[in-house]
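Trainee: need the 3D shape of this:
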Amino acid sequence: MMLEHAEQWARHLKRDVVALWIAARDPRTPWHAKALAAAVAAYALSPIDLIPDFIPILGYLDDLLIVPAGIAVAVRLIPIELMAEFRREAEQRAARPRSLIAASIIVFLWLLVLAAVAFWAFRQFR
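Mentor: Residues are numbered from 1 along each chain as shown. Sure, this is the predicted structure:
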């Protein structure tokens, strides 16, 4: 029973991510909701995590807490009737979109962190 509930919750989260992706592109969505929906959907749909899953505890923190919290806040900012329409449209979509722009931003951030660490190490051990 609990496993079935968790699977249903996960399906709803996936649907809501796609619905937020749709909401971010719809002109009827308020600008503040559109901005948050775009950010949450881009991160959730990115094939690369900001915190990789192989990092103990923190790697799954974004998947288990941050992304669902972002989805919940973004959904509350969108008018109920619009969100219902976006959810129906999301359920009809066969393919889940991907955010290559968000993946690029995450790779860029990781490269920046690596460059900063290299710069620090160079200055420390010179």
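
Trainee: need the pLDDT of Arg87.
Mentor: We have a pLDDT of 94 for Arg87.

Trainee: any idea how far Ala103 is from it?
Mentor: Distance, Arg87 to Ala103, using Cβ to Cβ, to the nearest Å: 25 Å. C-beta coordinates here come from the backbone N, C-alpha and C atoms, glycine included.

Trainee: tell me how many other residues crowd Asp26.
Mentor: Look at Asp26: counted by other Cβ atoms under 10 Å, it has 15 neighbours.

Trainee: how about it, phi and psi?
Mentor: Dihedral angles of Asp26 (phi, psi; degrees, to the nearest 10) stand at phi -90, psi 130.

Trainee: roughly how far apart are it and Ala72?
Mentor: As judged by Cβ to Cβ, Asp26 and Ala72 stand 19 Å apart.

Trainee: now the helices for this protein?
Mentor: Remark: helices assigned in the chain by DSSP state H are 2-25, 31-45, 58-61, 67-77, 80-92, 100-124.

Trainee: what's in contact with the worst-scoring helix or strand of the chain on mean pLDDT?
Mentor: Ranked by mean pLDDT, DSSP states H and E, the weakest helix or strand in the chain is helix 58-61, scoring a mean of 78. With Cβ atoms under 8 Å, 6 or more residues apart in numbering as the test, helix 58-61 has contacts from 49, 51-53.
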